[in-house]
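Undergrad: structure, please.
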Amino acid sequence: MTNLFIGLLATGLVVLLSAQNWQRSVKAVLVLVVLEGALRKWVLPQASQFIYFLKDFVLIGAYLRYFLLSPVQTRLFFQKPFLLILIGCIAVWGGVQAFNPSLGSPLIGLFGFKSYFLYVPLIWLVPQMFNTEEELYRFIRNYLLLLIPVAILAIAQFFSPPDSPLNVYAWGEDGPAVVSSGLDTVRVTGTFSYLTGYATYLLACLCLLLPVISRPQPRLWQVLTLAEGGLIAVTSFMTGSRGLVLGSVLLVSGYGLLLALTSFSSFFSIARKLILPGIVSFLAVYQGGRLAFESFWIRVENANDSLANRILNPFTQPFNNFYLKGLDGYGLGATFQANGIIRRVFRLSPGEIIPVYFENEMGRIGLEIGPIGFFLWYGLRLVLLFTLFRVFLQLTHPFLRQLALSAFVYQGVTFIAQMVYNHTANVYHWFFYGFIFLLPYLDRVDQWQRAQPPNFLYGQPTHLSGASHQQP
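TA: The predicted model follows:
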């Protein structure tokens with residue numbers, strides 16, 4: 001009872017503090033995503049479960065402030081009415097499936113509803129966090145600085161033995177053993193609870209880094225940006241994740257190809273500027289990361305599953321599973337990996353057993369919410385993907401345009417990857433979806449600023465608090 005009271009008190013305090021400034025709270029969530037695992041593994045392992053939900057409590061506080069205690073900019077909600085209707089439909093269907101009798105308890109459904117929908121409102125909050133393109137660039141630039149200490153920690157983990165205090169997971173003694181790769185090296189996790197989180201983080205950082213590399217920067221920041229790119233490359237091999245390496249290759253090549261097809265002059269200018277530093281960085285990464293590459297390649301050669309099957313199975317598995325429940329599903333949250341712990345802690349009934357193996361996300365979503373929910377959910381994601389591409393085509397500011405392109409390619413590359421039950425990916429996906437509204441607004445602000453006489457802008461704010469997304 002005492003622990004429950006302390007937990008409720010701590011939760012209320014976090015929500016209350018987060019509600020003081022919702023913009024700052026959303027930014028804090030992006031930082032917590034990176035530091036959460038370190039807090040769970042090394043700082044407060046006894047409070048691991050509370051820390052797992054900490055970012056959610058912070059986000060709830062931000063939502064309360066934004067939706068209930070601040071003048072909400074309703075105009076933003078109706079800019080894409082079809083998108084709003086589609087989100088509403090899947091939320092209603094998800095709410096129904098949260099009370100599916102097959103779950104054994106609606107508490108499991110509530111956890112599932114949180115995993116699907118808690119981060120969705122970011123699509124409307126993110127567009128009102130930044131006033132100018134420069135402000136967005138500075139946030140991304142500073143956020144990427146976190147990558148340097150996180151990657152250095154990952155390198156230290158790679159060269160440490162499996163039983164080192166650096167190489168632990170957030171579950172402690174009851175969790176699985178640290179995963180090894182080739183040459184008896186560990187698969188690194190950085191500050192994250194498990195290697196999936198770190199792999200997700202690296203790909204999201206690469207998505208943000210690609211537009212920053214091509215933007216004019218002071219010399220120091222150019223060097224830091226190239227160093228961050230090198231750290232992503234080296235530690236990607238250290239994770240031993242084939243999905244991450246393949247995703248990175250697809251992200252870079254897709255970004256470059258689409259940029260060349262839509263604006264060859266921009267592509268040629270960026271490529272010419274990056275040839276020399278790119279060669280130097282490649283040689284440094286190759287020499288410094290040779291052991292990591294060799295370890296990764298040994299794992300690829302010894303893998304007992306086919307990469308082609310891992311790509312194709314997500315598209316076939318949902319349709320093979322639909323016959324189990326017809327138009328229904330097993331309920332929202334039925335395949336959540338922490339269900340065993342939740343049922344044990346709250347003494348819940350086991351629920352209906354799912355008779356087939358599930359791993360990939362498309363198959364799991366098909367099992368949970370059935371064919372109706374499946375097509376609504378992935379229909380929503382396809383609409384978001386198409387809308388991001390349209391935003392890219394409409395923008396005129398080079399950095400904003402390239403940021404939209406990078407986010408579009410990222411969402412396309414990760415379309416079949418874990419999102420709902422990978423909370424790191426969940427946060428980044430909905431943050432990037434917020435670019436649909438944010439980037440066109442910042443593009444209009446930039447055009448308006450360029451149209452003003454220099455003395456008119458001197459000392460004058462271009463974007464007033466509480467007046468978000470009004471035409472300049």
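
Undergrad: now do residue 386: how many residues are near it, please.
TA: 11 (other Cβ atoms under 10 Å). Where C-beta positions appear, they are placed from N, C-alpha and C, glycine not excepted.

Undergrad: now swap in residue 323 and tell me
TA: By other Cβ under 10 Å, 7 other residues sit near residue 323.

Undergrad: quick one, phi/psi of it?
TA: phi -70, psi -20 (degrees, to the nearest 10).

Undergrad: where does the stretch 251-400 of the chain have low pLDDT?
TA: 272-278, 280-288, 305-308 (pLDDT under 70).

Undergrad: for it, which segments count as helices?
TA: Secondary structure of the stretch 251-400 of the chain (DSSP state H, counting those that start in this stretch): helices at 264-288, 290-302, 307-321, 339-346, 361-394, 398-413.

Undergrad: which of those is buried the deepest?
TA: Using mean count of other Cβ atoms under 10 Å, the stretch among those with the largest mean neighbour count is helix 398-413, at a mean of 24.

Undergrad: now it, how far from the chain's geometric center?
TA: Distance of helix 398-413 from the chain centroid (Cα atoms, centre = their mean, to the nearest Å) equals 14 Å.

Undergrad: still on that earlier bit, residue 8: which of the helices of the stretch 251-400 of the chain is closest?
TA: Proximity to residue 8, assessed across those by Cβ to Cβ, is greatest for helix 339-346 (15.1 Å).

Undergrad: who's in contact with the closest one?
TA: The contact list for helix 339-346 (Cβ atoms under 8 Å, 6 or more residues apart in numbering) reads 104-105, 107-108, 111, 333, 336, 348-351.

Undergrad: what subset of these is buried?
TA: Using 16 or more other Cβ atoms under 10 Å as the burial test, these include 104-105, 108, 111, 333, 336, 348, 351 as buried.

Undergrad: which of the contacts of helix 339-346 lies closest to residue 163?
TA: residue 336 (30.3 Å).

Undergrad: now the phi/psi pair for the closest one, please.
TA: Residue torsions, per degrees, to the nearest 10, at residue 336 are phi -60, psi 130.

Undergrad: gap between it and residue 384?
TA: 23 Å (Cβ to Cβ, to the nearest Å).

Undergrad: next: residue 16.
TA: As judged by Cβ to Cβ, residue 16 and residue 384 stand 32 Å apart.

Undergrad: before we move on, the earlier item: relative to residue 118, which of the helices of the stretch 251-400 of the chain is closest?
TA: helix 361-394 (14.9 Å).

Undergrad: just how off-centre is the closest one within its chain?
TA: Taking the mean of its C-alpha atoms, helix 361-394 sits 16 Å from the chain's own mean (Cα atoms, centre = their mean).

Undergrad: which neighbouring elements make contact with that helix?
TA: helix 81-97, helix 307-321, helix 398-413, helix 423-433, helix 435-451 (3 or more Cβ pairs under 8 Å, 6 or more residues apart in numbering; DSSP states H and E).

Undergrad: what angle sits between that helix and helix 435-451?
TA: Helix 361-394 and helix 435-451 are oriented at 20 degrees to each other (axes from the mean of the first three to the mean of the last three Cα atoms, to 10 degrees).

Undergrad: domain ranges for the chain?
TA: Domain ranges of the chain: 1-72, 73-454, per automatic domain parsing.

Undergrad: ok, residue 47 - how many residues close by?
TA: Neighbours around residue 47, by other Cβ under 10 Å: 15.

Undergrad: that one and residue 123, how far apart?
TA: 31 Å.

Undergrad: also residue 58?
TA: Taking Cβ to Cβ, one finds residue 58 at 18 Å from residue 123.

Undergrad: try residue 150
TA: Applying Cβ to Cβ, the value for residue 150 to residue 123 is 26 Å.

Undergrad: for residue 18, same thing?
TA: Residue 18 is 19 Å from residue 123, by Cβ to Cβ.

Undergrad: before we move on, what about residue 399?
TA: 21 Å.

Undergrad: same check, this time on residue 322
TA: 29 Å.

Undergrad: the more surrounded of those two?
TA: Neighbour totals were compared for residue 322 and residue 123, and residue 123 leads with 24 against 17 (other Cβ under 10 Å).

Undergrad: element containing that one?
TA: helix 122-125 (DSSP states H and E).

Undergrad: quick one: that helix to chain centroid distance?
TA: That offset, for helix 122-125, works out to 14 Å (Cα atoms, centre = their mean).

Undergrad: same thing with stretch 257-267?
TA: Here the centre of stretch 257-267 is set off from its chain's centre by 26 Å, with Cα atoms, centre = their mean.

Undergrad: tell me how far the ends of that stretch are from each other?
TA: In terms of Cα to Cα, to the nearest Å, the two terminal residues of stretch 257-267 are separated by 9 Å.

Undergrad: run through who's touching that stretch.
TA: 214, 256, 270, 392-393, 398, 401-402, 405, 408-409.

Undergrad: which one of those residues is nearest to residue 429?
TA: Distances from residue 429 to the contacts of stretch 257-267, taken by Cβ to Cβ, are shortest for residue 408, at 12.3 Å.

Undergrad: and that closest one, how far is that from residue 421?
TA: Residue 408 sits 24 Å away from residue 421, taking Cβ to Cβ as the criterion.

Undergrad: over to residue 111?
TA: Distance of residue 111 to residue 421, computed by Cβ to Cβ: 10 Å.

Undergrad: what is in contact with these two at once?
TA: residue 336.

Undergrad: pretty sure residue 94 contacts residue 373?
TA: Yes. With contact defined as Cβ atoms under 8 Å, residue 94 counts as touching residue 373 (6.8 Å).

Undergrad: including distance to residue 167, could the helices and strands packed on helix 361-394 go into TSV?
TA: Putting the helices and strands packed on helix 361-394 into TSV (distance: least, Cβ to Cβ, whole Å) gives the following:
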stretch	distance to residue 167
helix 81-97	37
helix 307-321	26
helix 398-413	29
helix 423-433	19
helix 435-451	36
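
Undergrad: of those helices, which is nearest residue 380?
TA: helix 81-97 (4.9 Å).

Undergrad: which residues sit against the closest one?
TA: With contact meaning Cβ under 8 Å, 6+ apart, helix 81-97 is reached by 77-78, 109, 112-113, 116-117, 120, 329, 331-332, 368-370, 372-373, 376-377, 379-380, 383-384, 387.

Undergrad: check stretch 357-366 too.
TA: For stretch 357-366, contacts defined as Cβ under 8 Å, 6+ apart pick out 310, 313-315, 317-319, 321-322, 329, 335, 367, 373-374, 377-378, 416-421.

Undergrad: rerun that using 7 Å as the cut-off
TA: The contact list for stretch 357-366, computed with Cβ atoms under 7 Å, 6 or more residues apart in numbering, reads 313-315, 317-318, 321-322, 335, 367, 374, 377, 416-420.

Undergrad: do stretch 371-385 as well
TA: Under Cβ under 7 Å, 6+ apart, the answer for stretch 371-385 is 83, 86-87, 89-90, 93-94, 97, 318, 322, 327, 329, 365-366, 369, 408, 411-412, 415, 433.

Undergrad: can you list the low-confidence ranges for the stretch 1-150 of the chain?
TA: Ranges of the stretch 1-150 of the chain meeting pLDDT under 70: 1, 3-4, 72-78.

Undergrad: at which residues are the helices of it located?
TA: Under DSSP H, counting those that start in this stretch, the stretch 1-150 of the chain gives helices at 2-18, 22-38, 48-52, 54-68, 74-77, 81-97, 106-117, 122-125, 133-144, 147-158.
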